[in-house]
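Novice: All I have is the shape, not the residue letters:
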């Protein structure tokens, strides 16, 4: 098909696929909206703030007389406001008092900032009146005023109380979650009075999807209860231990009940035999390669969007796939002839597939080459996905040899496809910026300029490098770099971030353009790109170590936030959009930038969590320990960078061949890059 024509009969996209796969594009849109919002003054909501609800231990307590009585002494207090709080103001003007004495406490805030949770230090006093005092000086984030108020409550009147409860060898996150509890749970509880031993069996429960057997012993004249699990608990799993109000004191004292959820620690037992790091990296590459080889679409040879996509194939992921074939040849996963035959099939399919001024769409039918709409108005050319494919094709062109007739023929077809991409058309009539989409039916209705910083540097490099439809340097400077406005320069966790959003955004920003484009010595007037990619990675990891939101399973060996599946669907995870989801591709595809740290993550994911994370095509897409959710999905755009960036770390294979291309180098020269 000619590059400027389009076939009829668009396929209807299944809603489930659309829901799970639009977020990469929506992540870009979100970033653009945030960028615009930072540049424009908007009206702020400064209406008065009100206290909506007060809970103690999850139970609502009265904000007016008659005040709540008989309240537990060992629970946290949550205050829900109508507007997001100014955190510094809250820490200064919210207090807990008994009489004239201020109670020591710590505070945490939820993601929206409307809820503050108070954690008193130690237990509250028994049979005592407390006041939650909220000053009229409290302000919302937009300066919202507050009228001031007090809320009173009274603790338990007499009875049996828990004085202290501690899990041996455990930790608490910043948000109060109990984590890293031993797989042989050991909980020591101290009470105000000796216990009635006969009441313990009816009151005590350890649960996880049903009751879990426990054993216990009374110590210290019956005032200390030690509880242990009878069997080894599941690792990184959530349990709850509780004592109901059936528990009694030795002299008949009543008990209001107590419960505590907790997460167990990682099981240090290796799930697979230990091998050398070189063998392990090869194993990961080979297993992941199967997604692009064994699971490739049988007609087109292209990569399916995900492991449930049927005939729907993806352009950018297939661009990663053609580069993966070169790794497969070099690592002897396949023969050179097998690889060349597959590349020939893919290139032939690309020639007959729908194109729009030379650009392919995001999704195609793998049988027919017809466009499958990515969203309502996105049924035409997708310049970013096209660039990811062209990056792969030019790497293949540099790798193949003219001496072999079949390889030479593939190279010639790649050249034609490359030269037919009308990069300049996507300036939308000569504007100094490239646009992401164009459709014969909807024209420029998507209206999404490609502006930095994100994953799309490769688009501008290739557009400048085009021998037939190039852009000017002004398009790069004004459109992509925004005349320097894409610069950041701030320090996060002691690492300077040259470009982009605070804390760097999702880690795929550091991967997609640099699968072929070698960042090691790459600089221009805006950044040192090795500093950019390496520090972005370090910031992402350090955020996971600091774990400000207190998620479970984060740490020095378990890190990496990027766009991936999650327990709610799909999202572009980052330090500023942290949902508790770790995506193995984030750390593993960062191998060139943080080799020691990425290898530690690889060991953790494979040896310690491999029974949950490792499958037919390598590591599953993502997991969230806090939500006890583990993906069973694979995505081409997440699997591909794992193979390619591990290879670039090991041999520089893809960097070598892409950077050998004379037209690519000319494009870099045109944009005044040093490399």
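Specialist: Alright, I've got the coordinates. None of the values given here were measured: they were computed from a predicted structure.

Novice: Residue 382 contacts residue 358, correct?
Specialist: No - in terms of CB atoms under 8 Å, residue 382 does not count as a neighbour of residue 358; the distance is 11.8 Å. (C-beta placed from N, C-alpha, C; glycine too.)

Novice: Who has more neighbours out of those two?
Specialist: residue 382 (27 against 24; other CB atoms under 10 Å).

Novice: List the beta-bridge partners for the more buried one.
Specialist: Counting by DSSP bridges, residue 382 is bridged to residue 437.

Novice: residues in contact with it?
Specialist: 315, 359-362, 374, 436-437 (CB atoms under 8 Å, 6 or more residues apart in numbering).

Novice: at 6 Å instead, please
Specialist: 361-362, 437 (CB atoms under 6 Å, 6 or more residues apart in numbering).

Novice: where are the low-confidence patches of the chain?
Specialist: For the chain, the stretches with pLDDT under 70 are 1-43, 157-158.

Novice: State the phi and psi torsions of the residue sitting furthest away from the middle of it.
Specialist: What lies farthest from the middle of the chain is residue 251; by CA atoms, centre = their mean that is 53.9 Å. Per-residue torsions, residue 251: phi -100, psi 20 (degrees, to the nearest 10).

Novice: Name the SS class of the closest residue in space to it that isn't next to it in sequence, please.
Specialist: The shortest distance from residue 251 to any non-neighbouring residue, by CB to CB, 6 or more residues apart in numbering, is to residue 193 (7.1 Å). Using DSSP: H, G, I helix; E, B strand; the rest coil, the structure places residue 193 in coil.

Novice: Give me the number of neighbouring residues for residue 193.
Specialist: 17.

Novice: now swap in residue 174 and tell me
Specialist: 13.

Novice: Now it. Nearest residue, chain neighbours left out?
Specialist: residue 550 (4.7 Å).

Novice: any idea how far that neighbour is from residue 119?
Specialist: Counting by CB to CB, to the nearest Å, the gap from residue 550 to residue 119 is 12 Å.

Novice: Over to residue 50?
Specialist: 24 Å.

Novice: what comes up buried for the strand or helix carrying residue 70?
Specialist: Using DSSP states H and E, the element containing residue 70 is strand 68-71. For strand 68-71, a neighbour-count test (16 or more other CB atoms under 10 Å) marks 68, 71 as buried.

Novice: can you tell me the distance between the two ends of stretch 369-383?
Specialist: With CA to CA, to the nearest Å as the measure, stretch 369-383 spans 17 Å from end to end.

Novice: which parts of it are buried?
Specialist: Under 16+ other CB under 10 Å, the buried positions of stretch 369-383 are 369-374, 377-383.

Novice: Help me confirm that residue 446 is found in a helix?
Specialist: No - Residue 446: not assigned to a helix; according to three-state DSSP it is coil.

Novice: What degree of burial does the residue nearest to it when sequence neighbours are not counted show, as a neighbour count?
Specialist: The spatial neighbour of residue 446 that comes closest, neighbours along the chain excluded (CB to CB, 6+ apart), is residue 437 at 3.9 Å. When neighbours are defined as other CB under 10 Å, residue 437 has 29 of them.

Novice: With residue 109 instead?
Specialist: 17.

Novice: backbone phi and psi for it, please?
Specialist: Dihedral angles (degrees, to the nearest 10) for residue 109: phi -130, psi 140.

Novice: isn't it right next to residue 116, touching?
Specialist: Yes - using CB atoms under 6 Å, residue 109 is in contact with residue 116, at 5.5 Å.

Novice: Helix or strand: which one has residue 202?
Specialist: helix 200-203.

Novice: Pull out the buried positions in stretch 315-333.
Specialist: Buried residues in stretch 315-333 (16+ other CB under 10 Å): 315-329, 331, 333.

Novice: Of those, which belong to helices?
Specialist: Counting by DSSP state H, the buried residues of stretch 315-333 place 315-329 in helices.

Novice: Give me the contact list for the helix holding residue 202.
Specialist: 243-244, 246-247.

Novice: Just after it, pick out the following helix or strand.
Specialist: strand 204-207.

Novice: starting at the chain centroid, how far to that next one?
Specialist: 34 Å (CA atoms, centre = their mean, to the nearest Å).

Novice: Mind listing residues that contact that strand?
Specialist: Under CB under 6 Å, 6+ apart, the answer for strand 204-207 is 212, 214, 240-243.

Novice: now do stretch 229-246
Specialist: By CB under 6 Å, 6+ apart, stretch 229-246 touches 183, 185, 199, 202-208, 213-215, 255, 257-264, 266-267, 553, 625, 628.

Novice: hmm, which of the residues you listed are the buried ones?
Specialist: Neighbour counting by 16+ other CB under 10 Å classes 183, 185, 199, 203-204, 206, 214, 255, 258, 260, 262-264, 266-267, 553, 625 among those as buried.

Novice: related to what we said a few turns ago, closest to residue 576 out of the contacts of helix 200-203?
Specialist: Within these, proximity to residue 576 (CB to CB) peaks at residue 243, which comes in at 40.1 Å.
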